[in-house]
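Peer 1: Build me a model:
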Amino acid sequence: MSTEAEVTWVHQIEEQLGKEIVSIDQATRDKLSKDYYWYSPVLNRRLEGIASADVVVLPRNEDEVAKALAFGYRHGIPVTVRGAGTGNYGQAVPLQKGIVLDLSRMDEILEIGLGYARLQCGVRLGIIDKKAREVGQEIRIYPSTYVKATVGGFVSGGSGGIGSIMHGNLWDGNVLEAVIYTMEETPQRLVVTGPELFNYIHNYGTTGILTEVTIPLSPRTEWTQGIAQFPAFEQAMQFGEALAREEAIPKRLIAPMEWPIPSYFVPFSKVIMPEMAAVMLEFAEETLRLVDMLAKRFGGHVGHVIEAKNYRKTIGVSDFTWNHTTLWAMKTDASMTYLQAGFKVDSYLEQIKQIKSKYSDEVYLHVEWVRSGGAVTPTALPVVRFTTEERLYEIIEFFESIGVKIFDPHTWVLDQGGRGEVGSMERKKRENDPKGLLNPGKIICKS
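Peer 2: Below you'll find the predicted structure:
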């Protein structure tokens with residue numbers, strides 16, 4: 001595209017959509033053309049020099065979304081959607097410039113009913129949970145970026161998080177309905193339910209633009225948070241599995257971490273015992289005694305406790321789990337990065353032994369016990385000391401050779417990251433985005 005043509009369409013979109021929702025300011029374009037891809041040194045190197053979008057469109061309603069998509073379609077302009085930009089895979093980076101569609105202004109809670117919330121895509125998860133808890137309910141799962149992340153960004157770019165030990169991942173019934181806009185000459189407004197939702201969960205906005213979503217709510221629980229500690233990581237893992245399977249204890253966080261990962265958590269430095277594995281926990285307040293008894297069975301104990309009455313009033317243990325664990329490691333040692341892995345529930349102790357024997361202090365293990373498809377699963381976000389890309393992929397190859405599944409967080413391509421049913425998404429992309437203009441480069445459609 002020539003500079004002259006580019007200038008022409010930029011002025012046209014300003015005129016047609018209005019300067020109230022269109023920004024061509026360089027600082028705004030630079031800021032909203034990035035996400036948290038810097039968690040990965042591989043992505044950071046590859047994406048840091050990518051040019052920013054030509055314009056940012058900040059719609060306030062679905063009509064303005066449709067107008068932006070119709071404009072892009074007519075002029076052949078790529079459109080990359082974003083929420084709060086807390087994703088880690090470069091999914092909000094416009095690889096081919098064009099339009100960044102920032103949906104954070106669409107932040108209305110449309111309805112909170114018994115067991116569900118209907119929301120515009122830009123509502124922040126922390127706000128939803130606060131409002132739901134005021135009426136005796138709560139959201140079921142959320143990422144560690146809970147305060148900043150939007151519900152649309154989570155559905156379109158996330159997978160699971162705190163709460164997944166009880167309620168599974170996004171695909172496990174944690175999205176009830178979505179409103180999707182196609183990118184055509186006249187964008188269609190699709191109301192999607194059931195298995196068809198899988199084409200729009202964790203899709204990076206490649207198959208359609210999510211503007212409204214309905215999520216399930218659960219009855220409000222008073223959550224106690226705690227840190228259990230064990231002399232060995234294997235004991236921490238066995239305790240985690242036992243707690244995950246204990247139906248008498250409602251819980252929404254079981255995160256075992258080997259030493260020295262707990263030493264990175266500076267705010268807890270006075271309560272974490274040195275040289276011990278830690279398990280970060282959230283459980284129903286009336287079950288503290290049961291949780292501590294279970295920890296003692298595996299040679300540990302629950303030390304630091306944050307009572308339910310102080311929930312969300314002070315820094316909590318969930319602020320150190322999921323990918324916030326990686327963030328605290330990076331604050332301590334800038335060479336650290338991470339992987340996303342799935343261990344086998346029937347052989348994870350042997351897999352851990354093999355990894356530690358080969359990599360020692362090059363890989364530190366961090367696991368999140370979850371339910372996936374109803375099955376208790378040890379999902380991991382190991383912290384890795386990065387030296388070279390070649391070495392990183394040698395480590396990945398070894399993990400896979402011993403049966404540990406890797407969901408590569410060092411690529412922006414859905415097909416390569418092992419997330420979602422990409423074959424079905426490819427077909428849906430062709431149907432909803434015939435010119436291939438929605439977030440191009442993030443899903444590779446085979447001819």
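Peer 1: which regions of this protein sit below the pLDDT cut-off?
Peer 2: Residues of the chain meeting the criterion pLDDT under 70: 1-7, 416-421, 446-447.
Peer 1: Tell me which stretches of it form helices.
Peer 2: 3-17, 26-31, 41-47, 62-75, 125-134, 151-157, 164-167, 233-245, 288-297, 323-332, 348-359, 389-401, 414-417, 422-432 (DSSP state H).
Peer 1: Take the ones you listed and lay them out in a markdown table including mean neighbour count and distance to residue 441.
Peer 2: Using the backbone N, CA and C atoms, a C-beta is placed for each residue, glycine as well. Putting the helices of the chain into a markdown table (neighbours: other C-beta atoms under 10 Å; distance: least, C-beta to C-beta, whole Å) gives the following:
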| stretch | mean neighbour count | distance to residue 441 |
| --- | --- | --- |
| helix 3-17 | 14 | 19 |
| helix 26-31 | 14 | 18 |
| helix 41-47 | 17 | 11 |
| helix 62-75 | 20 | 16 |
| helix 125-134 | 18 | 27 |
| helix 151-157 | 29 | 15 |
| helix 164-167 | 22 | 29 |
| helix 233-245 | 21 | 38 |
| helix 288-297 | 16 | 46 |
| helix 323-332 | 20 | 23 |
| helix 348-359 | 16 | 32 |
| helix 389-401 | 14 | 19 |
| helix 414-417 | 19 | 10 |
| helix 422-432 | 18 | 12 |
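Peer 1: what would the ones you listed look like in JSON lines with distance to residue 113?
Peer 2: What follows is those, written out as JSON lines (distance: least, C-beta to C-beta, whole Å):
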{"stretch": "helix 3-17", "distance to residue 113": "34"}
{"stretch": "helix 26-31", "distance to residue 113": "36"}
{"stretch": "helix 41-47", "distance to residue 113": "40"}
{"stretch": "helix 62-75", "distance to residue 113": "21"}
{"stretch": "helix 125-134", "distance to residue 113": "10"}
{"stretch": "helix 151-157", "distance to residue 113": "16"}
{"stretch": "helix 164-167", "distance to residue 113": "18"}
{"stretch": "helix 233-245", "distance to residue 113": "30"}
{"stretch": "helix 288-297", "distance to residue 113": "32"}
{"stretch": "helix 323-332", "distance to residue 113": "31"}
{"stretch": "helix 348-359", "distance to residue 113": "40"}
{"stretch": "helix 389-401", "distance to residue 113": "43"}
{"stretch": "helix 414-417", "distance to residue 113": "33"}
{"stretch": "helix 422-432", "distance to residue 113": "29"}
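Peer 1: Can you tell me which of those is nearest to residue 368?
Peer 2: Nearest of these to residue 368, taken as C-beta to C-beta: helix 164-167 at 7.3 Å.
Peer 1: Can I get that closest one in CSV? Just the C-alpha atoms.
Peer 2: Only the C-alpha atoms of helix 164-167 are listed here, as CSV (Å, rounded to 0.1, in the frame of the first residue of the first chain):
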residue,chain,number,x,y,z
SER,A,164,-10.2,-24.1,37.0
ILE,A,165,-9.7,-26.8,39.6
MET,A,166,-13.4,-26.8,40.2
HIS,A,167,-14.9,-25.5,36.9
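Peer 1: What is that helix packed up against?
Peer 2: strand 251-257, strand 367-372 (3 or more C-beta pairs under 8 Å, 6 or more residues apart in numbering; DSSP states H and E).
Peer 1: and these, which is most packed in?
Peer 2: strand 251-257 (a mean of 26; mean count of other C-beta atoms under 10 Å).
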